[in-house]
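# coordinates for the following, if possible.
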Amino acid sequence: MKKIATIGLFTILLTAKAFGGNSNSHGNRMVLLTYWGDDKIALVDIQGDPGHEEVWAIDTLKTAGCAKPYDIRSNQKGDEAYVSCSGSDKIAVVDVLAQQVKYTVKTGLSPRDLALFNSDSKLLVANSGSDTATVVDLKAQKKLYDFDVSSQPYGVAVTKDGKTALITGWASGDLHTFQLGDSSAKEIGKVDVGLLPYTVVIPNDGDKAYVAANASHAVSIVDVPSTKLLARVSVGRNPWSLAASPDGKQVLVTNNRSNNLSLLKTGLAPMAVGKEQTFIAAGAQEQPNGESVNRAAKNASISSDGKTGAFTDLANNQLCIVDLASGKITKVINVGKAPYGIEFLK
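Numbering: from 1, shown residues only. Reported below is the predicted structural model:
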């Protein structure tokens, strides 16, 4: 009965937004996850009753041939989610309310991070296994084109006007800048951002990009128009992912190997960003036995109101909720195997 009630609540929340509602729950309560180890995706209510937070789960391998779901994104309406199937060389488009895969689109090999652009009508996908990226037309439900990216692209971001794409080259240590066209893309610059760069974000659709350089234990700040490196900020060990707040004033960093997170303040002179960061102990929530927990923070997301952070803990198969003002973990939710991608449902 509890699960039925939760699904009913979710339906009310989503349909209220679709018809012009203004609930504070939207963007602050429901979280989309990928379970890489289970070949599943899920929707989780972070305010749900303990042990009953999962609203629904979809076996993407059985239903759509989508193996090893990696990244996940939702559109602004909150009625569709987009999943990269890293083990099946495709993306899956999910009807969030109907709780089913609507269709799939073939990409390059081992698709990783995703970025929506052009008012959620297009999707950019980094294909780490084929050194390419794919642009998908979501309205036409088909691939538009592929283009070459070296080497082993992982992270992607697109500027607000939809004309410029930023893609990390994990093996080369570069951030590549591309001009996106209707049927092709042209590389217009690249910059060395450090060793093994994964995620890239452009906070508040501005002119600065932030890149997690995993093996450099740093976040690099790049001027987008000139493709020049502005600063390299030391964070925790092996930063994996970045999540920008909707207002663009802060960036949450998951430090995969140092049992902590970093919270960076943006809008500052680049060299001052590191001085303004806050370290959040990822294992800090008090346990029944009084001990801390060693966590492997993977990917993160920030709520619409900018007050709450959430990250996937790969080591413990958990979703962790963080109060960003205090830097404390407020809730830990047991989820599926190898939780990877995460996004607050908009």
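
# going forward, measure contacts between C-alpha atoms and count neighbours the same way
Will do.

# list the contacts for residue 290?
By Cα atoms under 8 Å, 6 or more residues apart in numbering, the contact list for residue 290 is empty.

# how about residue 288?
So residue 288 contacts nothing (Cα under 8 Å, 6+ apart).

# I'd like to know how far it sits from residue 314.
In this view, residue 288 and residue 314 are 21 Å apart by Cα to Cα, to the nearest Å.

# please apply the same query to residue 221.
Per Cα to Cα, residue 221 is found 27 Å from residue 314.

# check residue 36 too.
10 Å.

# over to residue 140?
Distance, residue 140 to residue 314, by Cα to Cα: 35 Å.

# show me where the chain has its helices.
Ranges of helices in the chain, per DSSP state H, are 2-18, 60-64.

# what is the end-to-end distance of stretch 273-288?
End-to-end distance (Cα to Cα), stretch 273-288: 36 Å.

# so which bits of that stretch are buried?
273-274, 277-285 (16 or more other Cα atoms under 10 Å).

# what bits of this protein have low per-residue confidence?
In the predicted model of the chain, residues 1-25, 286 satisfy pLDDT under 70.

# hmm, what's the outermost residue in it?
residue 289 (32.5 Å; Cα atoms, centre = their mean).

# just to revisit the earlier point, neighbour count winner among residue 140 and residue 314?
residue 314 (22 against 10; other Cα atoms under 10 Å).

# against residue 123, how distant is the residue lying closest to residue 103 once chain neighbours are set aside?
Residue nearest to residue 103 in three dimensions, not counting chain neighbours: residue 93, with 5.6 Å by Cα to Cα, 6 or more residues apart in numbering. Distance, residue 93 to residue 123, by Cα to Cα: 11 Å.

# bridged to the closest residue to residue 274 other than its chain neighbours, which residues?
In this structure, residue 274 finds its nearest non-sequential neighbour in residue 233, 5.3 Å apart by Cα to Cα, 6+ apart. Beta-bridge partners for residue 233, by DSSP bridges, are residue 219.

# thought residue 233 was touching residue 276?
No: Residue 233 lies out of contact with residue 276 (Cα atoms under 8 Å); the separation is 10.5 Å.

# give me the number of residues near residue 161?
Per other Cα under 10 Å, the neighbour tally for residue 161 reads 10.

# in contact with residue 273, which residues are there?
Taking Cα under 8 Å, 6+ apart, we find residue 273 in contact with 233, 264-266.

# and which of the residues you listed is nearest residue 44?
Using Cα to Cα, residue 264 is the member of those that sits closest to residue 44, with 26.4 Å.

# name the nearest residue to that closest one, ignoring sequence neighbours.
With sequence-adjacent residues excluded and distances taken as Cα to Cα, 6+ apart, residue 264 is closest to residue 277, at 4.4 Å.

# that neighbour and residue 140: what is the separation?
43 Å.

# strands of the stretch 101-250 of the chain, start to end?
For the stretch 101-250 of the chain, the strands defined by DSSP state E, counting those that start in this stretch cover 111-117, 122-127, 132-137, 142-148, 153-158, 164-169, 174-180, 185-192, 197-201, 208-213, 218-223, 228-234, 239-244, 250-255.

# mind putting those in TSV, distance to residue 102 and mean neighbour count included?
Output for those, formatted as TSV (distance: least, Cα to Cα, whole Å; neighbours: other Cα atoms under 10 Å):
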stretch	distance to residue 102	mean neighbour count
strand 111-117	17	26
strand 122-127	16	26
strand 132-137	15	24
strand 142-148	13	17
strand 153-158	24	28
strand 164-169	27	26
strand 174-180	27	22
strand 185-192	28	17
strand 197-201	27	29
strand 208-213	32	27
strand 218-223	37	24
strand 228-234	41	19
strand 239-244	27	28
strand 250-255	32	28
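
# now the nearest residue to residue 116 once chain neighbours are set aside: how far from residue 139?
The shortest distance from residue 116 to any non-neighbouring residue, by Cα to Cα, 6+ apart, is to residue 123 (4.6 Å). Distance from residue 123 to residue 139, counting by Cα to Cα: 10 Å.

# and the residue nearest to residue 116, what does it touch?
Residue 123 sits next to 114-117, 135-138 when contact means Cα under 8 Å, 6+ apart.

# quick one: which of these is nearest to residue 216?
Using Cα to Cα, the shortest approach to residue 216 within the contacts of residue 123 belongs to residue 114, at 23.4 Å.

# specify the beta-bridge partners of that closest one.
Residues in beta-bridge contact with residue 114 (DSSP bridges): residue 125.

# hmm, it is touching residue 73, no?
Yes: contact status for residue 114 versus residue 73: in contact at 7.0 Å, counting by Cα under 8 Å.

# which residues are in contact with each of the two?
If you check residue 114 and residue 73 against Cα under 8 Å, 6+ apart, the residues they both contact are 82-83.

# contacts only, for residue 183.
Shown in contact with residue 183 (Cα under 8 Å, 6+ apart): 144-145.

# relative to the whole chain's centre, how far out is stretch 285-304?
Distance of stretch 285-304 from the chain centroid (Cα atoms, centre = their mean, to the nearest Å) equals 17 Å.

# just the terminal-to-terminal distance for it.
Start-to-end, stretch 285-304 (Cα to Cα) is 23 Å.

# got it, and stretch 331-341?
18 Å.

# got the buried residues for it?
332-341.

# surely residue 327 and residue 280 touch.
Yes: counting by Cα under 8 Å, residue 280 is a contact partner of residue 327 at 5.1 Å.
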